[in-house]
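Colleague: the amino acid sequence is not available; the structure is as follows:
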């Protein structure tokens with residue numbers, strides 16, 4: 001038995017370049033999502049301190065319409081973009097609900 005070939009050995013150079021680009025884009029997406037969630041955590045704290053609900057359906061509707069238009073302009077399937085945003089928004093709302101629950105518990109203790 002020989003040693004396993006190194007990843008990418010024997011593959012076309014263009015394929016390797018494209019995969020490298022995909023890897024870089026994936027890394028950028030992860031970092032962008034991390035930054036987005038840092039912002040939404042702050043929003044959750046502000047909402048909790050202000051007594052606002054974790055979800056803002058009107059804002060979510062505006063964001064979906066905005067994202068669909070951006071997706072269309074970028075040549076991305078708007079339905080996919082809406083599903084992607086829906087997944088993110090659901091996670092954000094869960095975080096906001098958790099923050100609101102923690103905030104309510106903290107104010108009862110004081």
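Modeller: Now that the structure is in, tell me what you want to look at. These numbers come from a predicted model, not from an experiment. Residues are numbered from 1 along each chain as shown.
Colleague: residues touching stretch 58-66, excluding its own?
Modeller: With contact meaning C-beta atoms under 8 Å, 6 or more residues apart in numbering, stretch 58-66 is reached by 82, 85, 86, 89. C-betas here are computed from N, CA, C, even on glycine.
Colleague: which residue is the nearest non-sequential neighbour of residue 96?
Modeller: residue 54 (3.4 Å; C-beta to C-beta, 6 or more residues apart in numbering).
Colleague: burial count for that neighbour?
Modeller: By other C-beta atoms under 10 Å, the residues close to residue 54 number 18.
Colleague: where does it land in three-state SS?
Modeller: coil (DSSP: H, G, I helix; E, B strand; the rest coil).
Colleague: for residue 102, see how far away it is.
Modeller: 12 Å (C-beta to C-beta, to the nearest Å).
Colleague: now which of the contacts of stretch 58-66 would you call buried?
Modeller: 82, 85, 89 (16 or more other C-beta atoms under 10 Å).
Colleague: which element, helix or strand, includes the first one?
Modeller: Secondary structure from DSSP states H and E places residue 82 in helix 78-109.
Colleague: and residue 9, helix, strand or coil?
Modeller: With three-state DSSP as the basis, residue 9 sits in coil.
Colleague: distance of it from residue 42?
Modeller: From residue 9 to residue 42 the distance is 46 Å (C-beta to C-beta).
Colleague: check contacts around residue 70.
Modeller: residue 81.
Colleague: name the SS class of it, please.
Modeller: helix.
Colleague: so how far is residue 94 from the residue lying closest to residue 95 once chain neighbours are set aside?
Modeller: Distance criterion C-beta to C-beta, 6+ apart; nearest residue to residue 95, sequence neighbours excluded, is residue 44 at 5.6 Å. Taking C-beta to C-beta as the measure, residue 44 falls 10 Å from residue 94.
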